[in-house]
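Asker: Next comes the sequence, and after it the predicted model I'd like to discuss.
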Amino acid sequence: MKSFSIMASEVNGVLQAARKAHLDGNDRHVMVDGRFLRVPYPFPSPGDWRDCPIYFMLIDRFNNPDKPPKSRWDGIYDYRQGGTLKGVQSKLGYIADLGMKAIWLSPVLKNARPDAWAWNYHGYGTQDFMAVDERLGTEKDLEDLVAEAHARGLFIILDIVLNHTARVFDYVRDGAVLAAFKDSGLIEASLGSEPAVQWMNGLGFPQPDWLNRLPDPAGLSADDAVYPVELQDHLFFRRRGEKVTDEPGPDGFVKGDFGAMRQLVVEYDAGDAAQQNLRERLGPRPVLNILIRAFAYLMARFDLDGYRVDTAKYVHPQMIQTFGNSMREFALSIGKRNFFTFGEIYDDEKTIAAFVGRNGSETEGFGIDAALDFPLHFKLPKTVKAVSDFGVEELRRIFEDRKAIEQELISSHGEAGRYFVSFLDNHDKTERFGHPATPPQQVVMGIALMFALQGIPSLYYGTEQGLEGAKDDQGRPQLDCFESVREALWGKPNAFDQDAFFYQEIRKIASVRAGCAPLRYGRLYFRQVSGNGMDFGYPKGAGGVIAFSRILFEQEVVVVANTHPRQAFNGFALVDADIHRTPTGHRILYSNFGRQDMAHTRNEHVQFWDGHRFQGGGQCAMLPVVLAPMEVQILC
């Protein structure tokens, strides 16, 4: 039951100790594979997060070396399977050998206590913002995990929530006690019209005598209500019922509870007299200040390297900006010069831009560093799978739009990759990218393109072992809920096989990216292609060819992929005419068909077409390309 008022000695002590350790140049001795390694403490940030492919896992579904999963590993199960922090630590070498450089952990903070509640395993219903959930492990377990990760050259990103807590109270409305309700009128109502609340006790029931106000914290258990104690005020919660839309309102964010998880008033401002009194006593934005202090404490306490901010779209962009700036500034004070913050903003490019980087600044300052690349996610998987109405031209449009939005904000559009974390699937989908109907080569093509396009690639746990999603007792795919993509990986026979097909292919792709600077930092140009070496145009339609270049200074890497599942492609792709003024050779660095050929550019006079419209002609450099159906190649 931790409290961190402004003078709280424990919190201040942790923050000051981290600053002193940085100034003193401290290090730790960490045991790895039977030998001690010296590791700087606090651990310094990477120079550029584009160097760091991310491995994302749900801790409860990843590994437990001591126990099997509680239910069938690949069945639908919406309770805790039993994964632990020690289970993660035991597989750090496995993740590092895969070529990943960072691990994004699902939330580790204590969730609401009743295990009888479904869906309390994922970690997004925080009940205590300063305690590790004992069902995942101890604080020492988290310390050990982070220390060994750092010793292996891995960074740790923790998933956090600013928007909401767990179901820490129920509503009292029209004489009834309600876990959730929807009311569009109340969502838009002025402050002061919210219903009363009954706080939850540690057994998972609303306590009738805890109406709005809680008793003195000394009379509460660690499982009651919400912690730290500074949050134990009903006025710090929106109390408007469940959100009625996912579209940001005029204020730029979405109001309302996230299901039964209670929305905090991160945007807290003066309202009625009670709120004004609180504001005068605690300062402006007291909820945000509490959260900032909590997550600075956690950063220092566990030596974390980044935060992924859940449901960021449901918090005012300026509050996200303030939080990002605060984390950045505190991290700098302890020697973390590039602490990473990225948000879940499930929306289009324009909405994302309001939260990220200089786009996100309403006043002076800077938003969070990056966002999950939902625009790319909406198109890349279906384009790779040649789904009708998802032509290959859709990828080009994404990045052309991005260039236009950011043209006044970055020195080179190669910088755009800093602002996006790309992904093919994750825990919030009801279907894995590699579901049973997806051919293996198609899966690998999607992964290779994600690693080669601009952005920081994020791989969902189990992809490297060919997880296909949950199945019923007859082995049929189950695609109707989030648990469809949340298998208990360690229950799979030979679950961490480093000779598995997907593990080996991902390892090769990650190695190519690590050894090829243009794939991490380069400018991006989609290329015109030709079947005859004379008539060129941008590929269009489902099943077409994807062709693009990544250019950094005088080096060009060419990426080509044939998304057609049955037809080969034998033709040409344009390359940079200046870099290739004289013919040059390109070696295939990676092919999901194992090709290791060389291709040589040539210079010819060609014609350009947009459909049947002639666009002109000129002298150009081109690269011959031979692709089997569903083949991707990276050439340099």
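Answerer: Looks like it came in fine.
Asker: What count of nearby residues applies to the nearest residue to E194 once chain neighbours are set aside?
Answerer: Using Cβ to Cβ, 6 or more residues apart in numbering and skipping the chain neighbours, the partner closest in space to E194 is R239 (3.6 Å). All C-beta atoms are positioned from the backbone trio N, CA, C, and that covers glycine. By other Cβ atoms under 10 Å, 22 other residues sit near R239.
Asker: mind listing what the residue nearest to R72 when sequence neighbours are not counted touches?
Answerer: Nearest-residue entry for R72: G491, 7.4 Å, with adjacent residues in sequence omitted and distances by Cβ to Cβ, 6+ apart. Neighbour list for G491: P68, P69, R72, W73, D74, Q81 [criterion: Cβ atoms under 8 Å, 6 or more residues apart in numbering].
Asker: for A628, same thing?
Answerer: By Cβ under 8 Å, 6+ apart, the residues touching A628 are N562, A568, F593.
Asker: hmm, 10 Å instead?
Answerer: Q441, N562, H564, Q567, A568, F569, S591, N592, F593, R595 (Cβ atoms under 10 Å, 6 or more residues apart in numbering).
Asker: Could you turn the buried ones of these into a PyMOL selection?
Answerer: For the buried members of the contacts of A628, the matching PyMOL selection, counting by 16 or more other Cβ atoms under 10 Å, is:
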select buried, resi 441+562+564+569+591+592
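Asker: pLDDT check: weakest of the contacts of A628?
Answerer: Within the contacts of A628, R595 has the lowest pLDDT, namely 95.
Asker: That one is in contact with Q633, isn't it?
Answerer: Yes - counting by Cβ atoms under 10 Å, R595 does reach Q633; the two are 6.7 Å apart.
Asker: quick one: low-confidence ranges for the protein?
Answerer: The chain contains residues with pLDDT under 70 at 1-9, 116, 191, 269-283, 358-365, 408-409.
Asker: What are the structural domain limits within the chain?
Answerer: By the assignment in automatic domain parsing, the chain contains the domains 169-265, 518-635.
Asker: got TSV for the contacts of G491, with secondary structure, neighbour count and distance to V254 too?
Answerer: Putting these into TSV (DSSP: H, G, I helix; E, B strand; the rest coil; neighbours: other Cβ atoms under 10 Å; distance: Cβ to Cβ, whole Å) gives the following:
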residue	secondary structure	neighbour count	distance to V254
P68	coil	12	40
P69	coil	23	35
R72	coil	16	36
W73	coil	20	35
D74	coil	23	34
Q81	coil	25	30
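Asker: Including distance to D223, could those go into JSON lines?
Answerer: Listed next are the contacts of G491 as JSON lines, based on distance: Cβ to Cβ, whole Å:
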{"residue": "P68", "distance to D223": "27"}
{"residue": "P69", "distance to D223": "25"}
{"residue": "R72", "distance to D223": "30"}
{"residue": "W73", "distance to D223": "29"}
{"residue": "D74", "distance to D223": "32"}
{"residue": "Q81", "distance to D223": "22"}
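Asker: list the buried ones in stretch 534-548?
Answerer: F536, G537, Y538, P539, A542, G543, G544, V545, I546, A547, F548.
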